[in-house]
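Engineer: Okay, predicted coordinates and the sequence, questions at the end:
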Amino acid sequence: MKQIKMLILVWVVMLTVVFEVVGMRSANAEMFYDRFDGAAIDESKWVVLTGPPRFHQYGGPFDPWGYWETPSGNPPYGTVSVNNSWCSLLNDYSAVFPYVVSKTNPFPEADNFTLEFRMKYDISNPHGTGFTVRYADSDNPLTNSIFSVWQDSSSTFYLTIDLFGIRWQGALSDTSEHIYTLKYTDGKYIALIDGNEIIGPITSSMRPNQIWFGNPIWAWWGWSYWTTLSVDYVRVEVMAVNVNIDIKPGSFPNAIKLQDTGNIPVAIFSTSTFDAANIDVATLELNGAGVRIVNGKGLQYSFDDVNGDGLMDLVVHFDRGTLELTVGDTSATVTGTTQDGRQIQGTDSVVVIE
Ligand SMILES: [Ca+2]
Ligand SMILES: [Ca+2]
Ligand SMILES: [Ca+2]
């Protein structure tokens, strides 16, 4: 009998676990953000490269292989300036253009992320420039490209977005502002322009560790005018790790009566890849409600194997005083961070009554 009860309990717990509800309150964390709103580019975030060496592509344009050398022609190779909260890269007739590289890795090493930036091309010319996201494991700036936006007005390229070699082509000489987005979710990349998905999903375990924009090459095959570009902002957000939760462990539906005064217990489950013991309990919130603190006893939580899978789960008691649920809401979300700073979130269904 006890075993049957346990099985029913496990079944109910499984039924009530809801994975990743789209459009829920988000626990995403900003990891890198530059709005370019100072008097000059922020050199704590970017390395500005307006001099040698430059990358000499063996075969000329579009050859990813080559070597670094000092080009003929005197630096600086154009200017990098900040005006009206846009960072602009500019040159004129020559074979070398400035470029800007992220100073440290702007991307997370483990979690899902979203990169978003607003950029516009000011002029489109035969020598192309762009914005590139790559895994930099060598000196070659053109290999290990994950995502790039590129434009030139030679016969080959228009506005081009490239995700692992899959290309989307836009208009010739596009000088409109666009928001470009790269999302990495559970091993899959997608690319978006102005919110519309245009490439992907593409599965890859390769993670970027560098951004550059401008152009690092020496166009040794011919002097010409450059495509110029401006960037309004660059933002990288770390997406929260989805965890499995059970509001009112073992009971369903999860009725929340607003007139009640008691705590709301929530189980946060451990899995083979997530240990609930790593959660920083003080950071947890359930739709505005914090973990209950009892005078002299501190935060109200305990560890228990709620679903009987052999892994200890965290059971927290939320203080409903500041709960922001209203009648008609159908789900509630726990957010918080782990002790090593990863964002977590988990969602379960609720029935909210007066
Ligand atoms: Ca800006
Ligand atoms: Ca429940
Ligand atoms: Ca468990």
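Structural biologist: Here it is on my side, so go on. Ligands and ions are numbered 1, 2, ... in the order given.

Engineer: C-alpha only now, for contacts and for neighbours.
Structural biologist: OK.

Engineer: now Gly321, what's its secondary structure?
Structural biologist: helix (DSSP: H, G, I helix; E, B strand; the rest coil).

Engineer: Quick check: closest non-adjacent residue to Met206.
Structural biologist: Tyr135 (7.2 Å; CA to CA, 6 or more residues apart in numbering).

Engineer: interface residues of the stretch 1-150 of the chain facing ligand 1?
Structural biologist: Arg35, Phe36, Ser85, Trp86 (CA under 5 Å from the ion).

Engineer: Which of those residues fall within strands?
Structural biologist: Among these, DSSP state E puts Trp86 in strands.

Engineer: Which pair of the residues of the stretch 1-150 of the chain next to ligand 1 spans the longest distance?
Structural biologist: Arg35 and Trp86 (7.6 Å; CA to CA).

Engineer: Return the helix or strand in this structure with minimum mean pLDDT.
Structural biologist: Taking mean pLDDT, DSSP states H and E as the measure, the chain has strand 17-18 as its least confident helix or strand, at a mean of 38.

Engineer: Do you know the pLDDT at the residue nearest to Asp319 when sequence neighbours are not counted?
Structural biologist: Among residues not flanking Asp319 along the chain, Arg292 sits closest, at 4.5 Å (CA to CA, 6+ apart). What the model reports as pLDDT for Arg292 is 97.

Engineer: what does Lys45 give?
Structural biologist: Value listed for Lys45 in the pLDDT field: 98.

Engineer: how near is the residue lying closest to it once chain neighbours are set aside to ligand 3?
Structural biologist: Nearest non-adjacent residue to Lys45, counting by CA to CA, 6+ apart: Lys103, 5.3 Å away. Distance, Lys103 to ligand 3, by CA to the ion, to the nearest Å: 42 Å.

Engineer: and if you look at Ile247?
Structural biologist: 14 Å.

Engineer: isn't that residue right next to Ile256, touching?
Structural biologist: No - using CA atoms under 8 Å, Ile247 is not in contact with Ile256; the gap is 9.6 Å.

Engineer: who has more neighbours, those two?
Structural biologist: Ile247 (31 against 19; other CA atoms under 10 Å).

Engineer: Leaving out chain neighbours, which residue sits closest to the more buried one?
Structural biologist: Nearest non-adjacent residue to Ile247 (CA to CA, 6+ apart): Val266, at 4.4 Å.

Engineer: And for Ser154?
Structural biologist: That would be Pro126: by CA to CA, 6+ apart, it lies 4.6 Å from Ser154.

Engineer: tally of neighbours for Ser251?
Structural biologist: Ser251, neighbours per other CA under 10 Å, totals 13.

Engineer: With pLDDT and distance to Val281 added, can I get the residues of the stretch 1-150 of the chain next to ligand 1 in JSON lines?
Structural biologist: Listed next are those as JSON lines, based on pLDDT from 0 to 100; distance: CA to CA, whole Å:
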{"residue": "Arg35", "pLDDT": "98", "distance to Val281": "33"}
{"residue": "Phe36", "pLDDT": "98", "distance to Val281": "36"}
{"residue": "Ser85", "pLDDT": "98", "distance to Val281": "39"}
{"residue": "Trp86", "pLDDT": "98", "distance to Val281": "41"}
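
Engineer: Check Ser148 and give its pLDDT.
Structural biologist: Per the predicted model, pLDDT is 98 at Ser148.

Engineer: and what of the one 4 residues further on?
Structural biologist: In this prediction, Asp152 carries a pLDDT score of 92.

Engineer: next one: the one 4 residues further on
Structural biologist: According to the prediction, Thr156 has pLDDT 72.

Engineer: Just give me the neighbour total for it.
Structural biologist: Neighbours of Thr156 (other CA under 10 Å): 9.

Engineer: Tell me the secondary structure of it, please.
Structural biologist: coil.

Engineer: quick thing: my sequence starts at 49, can you match it?
Structural biologist: Renumbered: residue one is now 49, and that last one reads Thr204.

Engineer: Pull up the gap between it and ligand 2, please.
Structural biologist: Taken as CA to the ion, the span from Thr204 to ligand 2 is 58 Å.

Engineer: Chain neighbours aside, what residue packs nearest to the residue of the stretch 249-398 of the chain found nearest ligand 1?
Structural biologist: Closest to ligand 1 within the stretch 249-398 of the chain is Asp280: 3.8 Å, counting by CA to the ion. Leaving out its chain neighbours, the residue that sits closest to Asp280 by CA to CA, 6+ apart is Trp134, at 4.4 Å.

Engineer: Wait, that neighbour touches Val282, no?
Structural biologist: No - the pair Trp134 / Val282 is not scored as a contact, 10.6 Å apart, by CA under 8 Å.

Engineer: Quick check: neighbours shared by the two?
Structural biologist: Arg83 (CA atoms under 8 Å, 6 or more residues apart in numbering).

Engineer: Between those two, which is the more surrounded one?
Structural biologist: Neighbour count, other CA under 10 Å: between Trp134 and Val282, Trp134 has more, with 22 against 19.

Engineer: give me the number of residues near the residue nearest to Asp367?
Structural biologist: Applying other CA under 10 Å, I find that Arg340 has 19 neighbouring residues.

Engineer: isn't it right up against Asn311?
Structural biologist: Yes - Arg340 is in contact with Asn311 according to CA under 8 Å; the separation is 7.4 Å.

Engineer: picking that back up, and the residues of the stretch 49-198 of the chain next to ligand 1 as TSV, adding distance to ligand 3?
Structural biologist: Shown next, in TSV, are these (distance: CA to the ion, whole Å):
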residue	distance to ligand 3
Arg83	44
Phe84	47
Ser133	50
Trp134	50
